[in-house]
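# have a look at this prediction, sequence included:
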Amino acid sequence: MKLSVLDLNGAPTGEVALDDEHLIQDGRGTQALQEYVVTFQRNQRQGTRSAKTRAEVAGSGKKPWRQKGTGRARVGSVRSPIWRKGGVVFGPRPRDFSRRLPRQISSLAFRKAFSERIADNNVVVVDGLESLSHKTKDFLAVLGKWKIDGGRTLIVQDEVNRNLMLASRNVPTVEVITVDALNAYELLAFQRIVFTRKAFAAAVERLRKQP
């Protein structure tokens, strides 16, 4: 399979090749991709929710009134969970939601997500981003020439390009990352994936090295 490489004017300047053997063209990998997405979202949770128990809320430990003779229900503390401003029973406590997936499942999920993006024609390979100015207006003009005028777009670069970061940071539908940070979740979360030529080569090499 070959993909055209576009310059900043949207004109093709060459091609990049991708062997079909590195892509998944059947139903394999669907379960691995689902597990990867769930695990990725779990790992983003901070797990800092917390509610105070009766031992932690403010209040005296003194018995509000005597046990008998008042006609009221017996009570031992104003911090009781059944009282207003009392503690919480079985409330949320800080916990770690993260988990790790086997490397084979992560690799299969990445291959599956990459293959689906290629099959849906949602991958664009470009060249010449190093000469892009830092102005957002010029960046939006380039996106228009690439026929990317809507939806969330992920730009994958081989190394940090300061002008690209400055030009794209005010565009809410565009995110820029380096190829070493690319994962299966990012491939699914964005409608269009734009690779630089070197970043695409690095992603293909990553597919070659995967089991």
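Great, that's in hand.
# tell me where the model's unsure across the protein.
Counting by pLDDT under 70, the chain has low-confidence residues at 211.
# where along it do the helices fall?
Secondary structure of the chain (DSSP state H): helices located at 30-43, 103-119, 136-145, 162-168, 184-189, 197-209.
# and of the ones you listed, who's closest to Pro92?
Closest approach to Pro92 among the helices of the chain (Cβ to Cβ): helix 30-43, 15.7 Å. (C-beta placed from N, C-alpha, C; glycine too.)
# next, the angle helix 103-119 makes with the closest one.
Between helix 30-43 and helix 103-119, the angle comes out at 110 degrees (axes from the mean of the first three to the mean of the last three Cα atoms, to 10 degrees).
# could you export helix 30-43 as CSV, CA atoms only?
The C-alpha coordinates for helix 30-43 follow below in CSV (Å, rounded to 0.1, in the frame of the first residue of the first chain):
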residue,chain,number,x,y,z
THR,A,30,-11.0,-5.9,18.3
GLN,A,31,-11.1,-7.3,21.9
ALA,A,32,-7.5,-6.2,22.5
LEU,A,33,-8.4,-2.7,21.3
GLN,A,34,-11.4,-2.5,23.6
GLU,A,35,-9.2,-3.7,26.6
TYR,A,36,-6.6,-1.1,25.8
VAL,A,37,-9.1,1.8,25.6
VAL,A,38,-10.7,0.8,29.0
THR,A,39,-7.2,0.5,30.6
PHE,A,40,-6.1,3.8,29.2
GLN,A,41,-9.1,5.6,30.6
ARG,A,42,-8.7,3.8,34.0
ASN,A,43,-5.1,5.0,34.1
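# buried residues, that helix. List them.
Within helix 30-43, the residues that count as buried by 16 or more other Cβ atoms under 10 Å are 32-33, 35-37, 39-40.
# from the middle of its chain, how far away would stretch 72-86 be?
Centroid displacement of stretch 72-86 relative to its chain, using Cα atoms, centre = their mean, to the nearest Å, is 45 Å.
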